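Engineer: model this:
(2 chains)
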Amino acid sequence: MNKNGIVKAVTLLLSLVVAVAPLIYALNKYEWNIQALATPSYSPPKVDFNMKPSSIKFDGRQLYASFKLSNLGEVKIVFESLNATAYGPDGKTLAPATLDKAAALPPNSTETITLKVNFDETALNRLISYFKEGRDSVNVEVRGEASIRVFSSKIAAPISASFKISLADIGG
Amino acid sequence: MGIVKALSLNYRVNLLGLTSALLLFYTALSNKPWWTMTGGLDDEHTFSAEVSPFNIAVDILGKPATVPILPYLNLAARLSILLAAATTLIGSLLAGKPWSKPMISVRGLILPILFLCGLFIGLSLAESYAGANLPLTGEFTLKYTIHYGELNIATETPTVANLTQEYWIALAAGIISVSAKALHGKIASSKNNV
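Structural biologist: Next up is the predicted model:
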């Protein structure tokens, strides 16, 4: 074999060794379990929050329903807005509901968020009519879509919250 | 033949080979990514991917995503390019020797081309898996729907993807190494004619 052939063979052999040796080492380390070696691993952070009714206040025709929002997850959550509707106990639409102001919740923190429900004359009369049926309190459910920001990603998630209104709450 | 004589310092050193070897050493020893994709705004990144043949770092919601085989593939790529740089350097310094031509490696060009192909295939696979459009470069809004029980949660993430300066340096090193190989052939034939 001439010098040219020897150089060619040596460089080829070296190329093969440096390309294959790390893979052989990896396979050996993982006991030739190719599946374990090629399986992606990722543990996502916990995203969890809990909402509990806190207080209710009527101001004119506007109902302010406050909730204690606890971030039980590992990432910061920002509640930016809410596009929802309040429903009466019979499932009939009462009024549109929005978020009074945005709330930022770092992990393991609790904030109070306020839902603003705008009652018009008809909705208010419908709410009062539930009490005229002899109820002590009326269960109002708010359902809609919350706009949430997690790590600067905008997330539109369905949301549902309910609270009870007594006649005293509306000044009756 | 004047240009060959000039680029080889009178048929003694392959200057293009030297240049490509130095660029290949820089490329292989640098830990900077060749391609990046970042989702999110400012310091709050929903996800980030920093990819090069020598290092792959993927973070989603602040947590790393890993595949055990990747560091070993990265090591194999790094060692291959270091070897290519070393043989090209030695071959370039010994340009006068007829047996030095096989030492001028063109692996420096193969890697950036394979990288781009791999990236394209990887993004296509991610697209079909996630059902989202993932371009190779540019600014876009990544829309993705998470199916959670009966709920559909829609996410929108402003995303930027780029091939970095490191990629273009690696590609330049590869192109120069191919030119160096051609020059080496010319040096050998010119030397034989002299």
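
Engineer: from here on, contacts and neighbour counts on C-alpha atoms
Structural biologist: Will do.

Engineer: how about the residues of chain B near chain A?
Structural biologist: Contact residues (Cα under 8 Å from any Cα of the partner chain) of chain B with chain A: B:39-41, B:44-46, B:60-69, B:72-73, B:75-77, B:79-80, B:83, B:87, B:98-103, B:151-158.

Engineer: Buried ones from those, can you make that a ChimeraX selection?
Structural biologist: Buried residues within the residues of chain B next to chain A, by 16 or more other Cα atoms under 10 Å in any protein chain shown, are selected in ChimeraX with:
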select /B:39,40,45,46,60,61,62,64,65,66,69,72,73,75,76,77,79,80,83,87,98,99,100,101,102,103,154,155,156,157,158
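
Engineer: out of the residues of chain B next to chain A, which are inside helices?
Structural biologist: The members of the residues of chain B next to chain A that map onto helices under DSSP state H are B:72, B:73, B:75, B:76, B:77, B:79, B:80, B:83, B:87.

Engineer: And the strands in chain A?
Structural biologist: Ranges of strands within chain A are A:49-59, A:62-71, A:77-87, A:93-99, A:103-105, A:109-118, A:137-150, A:153-166, based on DSSP state E.

Engineer: For residue B:51, find the nearest of those strands.
Structural biologist: strand A:153-166 (21.9 Å; Cα to Cα).

Engineer: is the closest one up against chain B anywhere?
Structural biologist: Yes: using Cα under 8 Å from any Cα, strand A:153-166 reaches chain B at A:153, A:154, A:155, A:156, A:157, A:158.

Engineer: could the strands of chain A go into JSON lines alongside mean neighbour count and mean pLDDT?
Structural biologist: Formatted as JSON lines, the strands of chain A follow (neighbours: other Cα atoms under 10 Å in any protein chain shown; pLDDT from 0 to 100):
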{"stretch": "strand A:49-59", "mean neighbour count": "15", "mean pLDDT": "86"}
{"stretch": "strand A:62-71", "mean neighbour count": "20", "mean pLDDT": "91"}
{"stretch": "strand A:77-87", "mean neighbour count": "20", "mean pLDDT": "92"}
{"stretch": "strand A:93-99", "mean neighbour count": "21", "mean pLDDT": "92"}
{"stretch": "strand A:103-105", "mean neighbour count": "19", "mean pLDDT": "92"}
{"stretch": "strand A:109-118", "mean neighbour count": "19", "mean pLDDT": "92"}
{"stretch": "strand A:137-150", "mean neighbour count": "19", "mean pLDDT": "90"}
{"stretch": "strand A:153-166", "mean neighbour count": "18", "mean pLDDT": "87"}
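
Engineer: Quick one, grab the pLDDT at residue B:45.
Structural biologist: At residue B:45, the model reports a pLDDT of 86.

Engineer: go on, residue B:191?
Structural biologist: In this prediction residue B:191 is given a pLDDT of 68.

Engineer: Can you list the low-confidence ranges for chain B?
Structural biologist: B:1, B:148-151, B:191-194 (pLDDT under 70).

Engineer: let's see 90
Structural biologist: B:1-12, B:40-47, B:60-63, B:95-102, B:107, B:122, B:125-134, B:142-157, B:184-194 (pLDDT under 90).

Engineer: Quick check: of the residues of strand A:153-166 next to chain B, which lies closest to residue A:137?
Structural biologist: residue A:158 (26.0 Å).

Engineer: Could I get the contacting residues of that closest one?
Structural biologist: A:143, A:144, A:145, A:146, B:151, B:152, B:153 (Cα atoms under 8 Å, 6 or more residues apart in numbering or on different chains).

Engineer: Among those, which one lies nearest to residue B:134?
Structural biologist: Closest to residue B:134, out of all of these and judged by Cα to Cα, is residue B:153, at 19.4 Å.

Engineer: ok, which stretches of chain B are strands?
Structural biologist: B:35-41, B:44-52, B:55-60, B:63-65, B:138-148, B:151-163.

Engineer: Indicate each strand paired with the first one and its parallel or antiparallel sense.
Structural biologist: Which is strand B:35-41. In the sheet, strand B:35-41 lines up against strand B:44-52 (antiparallel), strand B:151-163 (antiparallel) (DSSP bridges).

Engineer: okay if I get the residues of strand A:153-166 next to chain B as CSV plus distance to residue B:117?
Structural biologist: Putting the residues of strand A:153-166 next to chain B into CSV (distance: Cα to Cα, whole Å) gives the following:
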residue, distance to residue B:117
A:153, 29
A:154, 32
A:155, 33
A:156, 35
A:157, 37
A:158, 40
